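Enquirer: Generate coordinates for the sequence data below:
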Amino acid sequence: MTIETQGTPVFIIPTAHGWNLLRSVERNGSWNVRKLQSLEEAVPLLMPTDDLILGLPLTAVLAQRFRLPTADPAEFPEMIRIQIEKALPFSPDEVTTDFEVIEQNETGSVVSAVAVRNEQLAQIAEPLLKRGYIPRQVTVYASQRASTYAPQGNALLIYPEGETLVYAVTENGKLSLARTLESANGEQLQMELPQLRLSAELQGISASFPNVLLDEKCYGLRDTVQGILASSAEIVGIELPPAPVKLNLLPESWRRRRLHLARQLEWRKRLIWAGSTYAGLLFILLAYLAFMHMRIGRIERQIALDSPKTEFVRATEANWKALAPAIDSHYYPVEILLHLFESLPSADVRITAYNQSARQISVDGEANTVALAYKFIESIKKNSELGVVQFDMSAPRILPNDHAQFRIEGRPR
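Expert: Numbering: from 1, shown residues only. You can find the predicted model right below:
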């Protein structure tokens with residue numbers, strides 16, 4: 001189970017008297033370094049989205065170099081687990097292990113294995129865990145330094161860590177052998193370095209170190225180291241940033257908890273986005289309602305302003321409609337009656353009575369058949385000269401002689 005983050009890279013690494021916090025400054029690509037007396041001071045400087053990598057001091061881990069009789073990477077974890085169980089008086093559930101391949105050929109492989117006790121790791125990282133800051137990777141600072149300054153060949157690293165002095169042998173950027181001194185004085189170093197070289201040779205490690213890397217805080221030991229090893233020492237500072245390493249001593253329980261926290265953070269982001277979207281839509285809706293209210297108010301004021309003119313137009317229209325039958329020739333009784341006679345389909349249809357008032361016209365008549373009566377009303381509706389009047393006819397009444405008596409009523413449009 002792995003968790004990938006998109007946050008800002010942040011490294012926490014041990015130093016001579018505490019820790020260093022390295023944070024990437026995205027705007028210019030540089031790195032900001034903060035010195036801390038304890039990990040508790042790092043908590044206020046962290047954010048939930050940080051891509052946190054924790055480098056452990058060498059005193060917190062067990063590092064060993066193994067030669068395995070296989071070149072198959074799938075067999076490494078089980079073989080290393082067996083070797084670690086022999087070296088540590090703890091059950092496999094109490095430790096977290098990882099390894100890196102130093103070299104490999106057809107007959108076997110040389111690996112660098114590192115183990116950490118989970119309880120001790122939890123004690124070191126307790127200030128971070130309490131606040132929910134779980135690293136993406138827990139590695140060893142010595143391995144980070146070796147991968148940064150000596151990715152190829154053999155090298156000897158000497159640097160202060162806490163209250164001790166670390167001197168570590170690396171091969172191809174991987175940690176092979178390491179020791180710590182309680183005091184960083186030249187006399188003790190003169191006794192320990194020859195023993196370290198002997199231990200390296202017994203394990204099959206070349207003791208001729210082409211690269212001797214001395215931390216800048218140990219500059220006073222430069223002459224002593226060069227006198228013992230008969231090779232020049234390169235002064236190195238803080239890695240900005242440390243090179244990436246494969247070693248990851250993150251316990252499985254931490255992985256699960258980190259995944260859970262990452263999911264919570266993701267859901268929190270989604271809820272914030274949803275809430276922001278809802279608030280934005282609500283704001284837009286309120287703004288739209290306010291705009292429409294203002295627009296309606298403006299239209300109502302315009303209507304009120306134009307009301308006298310509108311009432312004048314309406315009154316004028318009503319007067320013209322009232323006067324239309326008197327002044328419009330289309331409404332003259334003679335004209336309408338003339339066009340009615342023009343619409344008679346035949347002589348078998350006769351108009352017997354005609355009445356007209358200002359609002360209604362009635363035409364009574366008789367047709368020899370019902371069909372002729374209906375044909376008459378259709379002819380009236382098709383006559384364009386009678387379009388100013390809307391005519392309708394009810395069902396004709398059948399007379400004893402089978403003639404159809406009808407009544408047509410019309411209203412001015």
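Enquirer: from here on, contacts and neighbour counts on C-alpha atoms
Expert: Will do.
Enquirer: what residue ranges in this protein score low on pLDDT?
Expert: 1-6, 71, 184, 324-327 (pLDDT under 70).
Enquirer: for the helix or strand harbouring residue 308, packing partners?
Expert: Per DSSP states H and E, residue 308 falls inside helix 252-327. Judged by 3 or more Cα pairs under 8 Å, 6 or more residues apart in numbering; DSSP states H and E, helix 252-327 has no packing partners among the helices and strands.
Enquirer: That helix: what's the following helix or strand?
Expert: helix 333-342.
Enquirer: just how off-centre is that following helix within its chain?
Expert: 82 Å (Cα atoms, centre = their mean, to the nearest Å).
Enquirer: And stretch 331-347, by the same measure?
Expert: With Cα atoms, centre = their mean, you get 81 Å for stretch 331-347.
Enquirer: can I get the CA coordinates of that stretch in CSV?
Expert: What follows is stretch 331-347, C-alpha atoms only, in CSV (Å, rounded to 0.1, in the frame of the first residue of the first chain):
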residue,chain,number,x,y,z
TYR,A,331,-70.2,48.2,-40.9
TYR,A,332,-73.0,50.0,-42.8
PRO,A,333,-76.1,47.9,-42.9
VAL,A,334,-76.5,48.4,-46.6
GLU,A,335,-72.9,47.2,-47.3
ILE,A,336,-73.3,44.2,-45.0
LEU,A,337,-76.7,43.2,-46.5
LEU,A,338,-75.3,43.6,-50.0
HIS,A,339,-72.4,41.3,-49.3
LEU,A,340,-74.8,38.8,-47.7
PHE,A,341,-76.8,38.6,-50.8
GLU,A,342,-73.6,38.2,-52.8
SER,A,343,-72.8,35.2,-50.7
LEU,A,344,-76.1,33.4,-51.4
PRO,A,345,-75.2,30.1,-53.0
SER,A,346,-78.4,29.9,-55.1
ALA,A,347,-81.9,31.2,-55.4
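Enquirer: Pull out the buried positions in it.
Expert: Neighbour-count burial for stretch 331-347, counted by 16 or more other Cα atoms under 10 Å, picks out 331, 333, 336-337, 339-340, 343-345.
Enquirer: Kindly present the residues you listed as a markdown table, with separate columns for distance to residue 388.
Expert: Shown next, in a markdown table, are the buried residues of stretch 331-347 (distance: Cα to Cα, whole Å):
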| residue | distance to residue 388 |
| --- | --- |
| 331 | 8 |
| 333 | 13 |
| 336 | 10 |
| 337 | 13 |
| 339 | 12 |
| 340 | 13 |
| 343 | 15 |
| 344 | 18 |
| 345 | 21 |
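Enquirer: Pick out whichever of those residues sits closest to residue 356.
Expert: When these are compared for distance to residue 356 (Cα to Cα), residue 333 wins out at 6.9 Å.
Enquirer: give me the element residue 156 is part of.
Expert: Here residue 156, judged by DSSP H and E, is contained in strand 154-161.
Enquirer: who does that strand pair up with?
Expert: Partners of strand 154-161 in the sheet, by DSSP bridges, are strand 164-171 (antiparallel), strand 211-215 (parallel).
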